[in-house]
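*Asks:* All I have is the shape, not the residue letters:
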């Protein structure tokens, strides 16, 4: 497909984020009306079993980190966040004091796994027939018997690959299965074909790294195919090197760099540098697009190691029998 060969990377848009900045009229016009948002909020409450609730507070605003427009609202028992243009549910939170928690609320880890999968099927987006994998299963207390909240984290599967940007997180009260929290991310994978070979992806990443950090000595290179969302990290590392290395953007937080939120198949190329000291090995991950060969993002750590940390977390019961 010729369209797949086109370059997809664009330099991020730069803007100054201001707290409580009002939305422009043209932005508001693209969003659902307050009445439409309230109806969808009420439907979400009914779906989790909170009938008879009314929306008491509602506000249209931009997300602090992403500039996404959101309807945020609250009833007596819950808070709800909707994507402002589509009305898609992003988040529901219900404090535990709104439930009558049974005296014998303890369940086993295996029971928690089964309940998590049932809740996933009940609350995943309407029409979503895809398969999800349970990535993380945790509880709020040290033992199964004492835990009155369980948490499950699911990633959507595409063959052998997982998309961490299509994610569903569920927190619930055991035995009554009341929803404590429900978070849905919809970073839809574009299913771009794999045309760039591993050796070429490594070459691309090393060449870019040499341009940005000519003094660093690479001691190890790893590369594996993953699904990742485009980000501005490598752009900042190259064009705002001093601020990026000193984390100045994180410190002051007002300057934002926004890329297109495209989710693609990439080569995660992890470069390990000569050790600064025995306890501090520096690594950097480049996202090399599997179709175009462009660098579309990265991280100041090993993406591959990060996955292992999640899987091997001693508090994570998802991967245990």
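*Replies:* In hand now; what should we look at? Quantities reported herein were computed from a predicted structural model and do not represent experimental measurements.

*Asks:* So which residues make contact with stretch 151-166?
*Replies:* By C-beta atoms under 8 Å, 6 or more residues apart in numbering, the list of residues contacting stretch 151-166 from outside reads 112, 116, 119-120, 130-140, 167-171, 181, 185-189, 191, 225-229, 263, 265, 318. Every C-beta, even on glycine, is put in place using the N, C-alpha and C of the backbone.

*Asks:* ah, wrong one, I meant stretch 138-149
*Replies:* 96, 101, 105-109, 112, 150-151, 171-174, 180, 315-317.

*Asks:* Compute the number of surrounding residues for the closest residue to residue 165 other than its chain neighbours.
*Replies:* For residue 165, ignoring the flanking residues on the chain, the nearest one in space by C-beta to C-beta, 6 or more residues apart in numbering is residue 187 at 2.8 Å. By other C-beta atoms under 10 Å, 18 other residues sit near residue 187.

*Asks:* How about the secondary structure of the nearest residue to residue 218 once chain neighbours are set aside?
*Replies:* Using C-beta to C-beta, 6+ apart and skipping the chain neighbours, the partner closest in space to residue 218 is residue 271 (5.2 Å). Put simply, residue 271 is strand when judged by DSSP: H, G, I helix; E, B strand; the rest coil.

*Asks:* For residue 271, give me its contacts.
*Replies:* 205-206, 209, 218, 220-221, 283-286.

*Asks:* And the strands in the stretch 151-300 of the chain?
*Replies:* Counting by DSSP state E, counting those that start in this stretch, the stretch 151-300 of the chain has strands at residues 161-173, 178-186, 218-229, 255-258, 263-273, 283-289, 295-299.

*Asks:* Kindly reformat those strands as a markdown table and extend each row with mean pLDDT.
*Replies:* Below are those laid out as a markdown table (pLDDT from 0 to 100):
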| stretch | mean pLDDT |
| --- | --- |
| strand 161-173 | 97 |
| strand 178-186 | 97 |
| strand 218-229 | 96 |
| strand 255-258 | 83 |
| strand 263-273 | 97 |
| strand 283-289 | 96 |
| strand 295-299 | 96 |
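
*Asks:* out of those strands, which comes closest to residue 49?
*Replies:* Closest of these to residue 49 is strand 178-186, at 6.9 Å (criterion: C-beta to C-beta).

*Asks:* Which residues does that closest one contact?
*Replies:* Under C-beta under 8 Å, 6+ apart, the answer for strand 178-186 is 48-49, 88-96, 98-99, 119, 123-125, 149, 151, 165-173.

*Asks:* what lines up beside it in the sheet?
*Replies:* Taking DSSP bridges as the criterion, strand 178-186 forms sheet pairs with strand 89-93 (antiparallel), strand 161-173 (antiparallel).

*Asks:* Which among the ones you listed is found nearest to residue 294?
*Replies:* strand 161-173 (18.4 Å).

*Asks:* Taking strand 218-229 as reference, get the angle to that closest one.
*Replies:* If you take axes from the mean of the first three to the mean of the last three C-alpha atoms, to 10 degrees, strand 161-173 sits at 70 degrees to strand 218-229.

*Asks:* What's the first helix or strand after the strand or helix carrying residue 70?
*Replies:* Using DSSP states H and E, residue 70 falls within strand 69-74. Scanning forward in sequence from strand 69-74 by DSSP H and E, the next helix or strand is strand 79-83.

*Asks:* Let me know the angle separating that following strand from strand 69-74.
*Replies:* Using the same axes, to 10 degrees: strand 79-83 against strand 69-74 is 160 degrees.

*Asks:* From the chain's centroid, how far away is strand 79-83?
*Replies:* Strand 79-83 sits 16 Å away from the centroid of its parent chain (C-alpha atoms, centre = their mean, to the nearest Å).

*Asks:* pLDDT averaged over that strand - what is it?
*Replies:* For strand 79-83, mean pLDDT rounds to 97.

*Asks:* Mind giving me the packing neighbours of it?
*Replies:* helix 34-47, strand 69-74, strand 89-93 (3 or more C-beta pairs under 8 Å, 6 or more residues apart in numbering; DSSP states H and E).

*Asks:* who's in contact with the helix or strand following the last one?
*Replies:* Under the assignment DSSP H and E, the closest C-terminal helix or strand after strand 89-93 is helix 109-123. The set of residues external to helix 109-123 that reach it, using C-beta under 8 Å, 6+ apart, is 47-48, 107, 132, 134, 137, 139, 144, 150, 152, 154, 168, 170, 172, 174, 177, 179, 182, 317-318, 320.

*Asks:* Drop anything exposed from the residues you listed.
*Replies:* Buried members of these, counted by 16 or more other C-beta atoms under 10 Å: 47-48, 107, 132, 134, 137, 139, 144, 150, 152, 154, 168, 170, 172, 174, 179, 182, 317-318.
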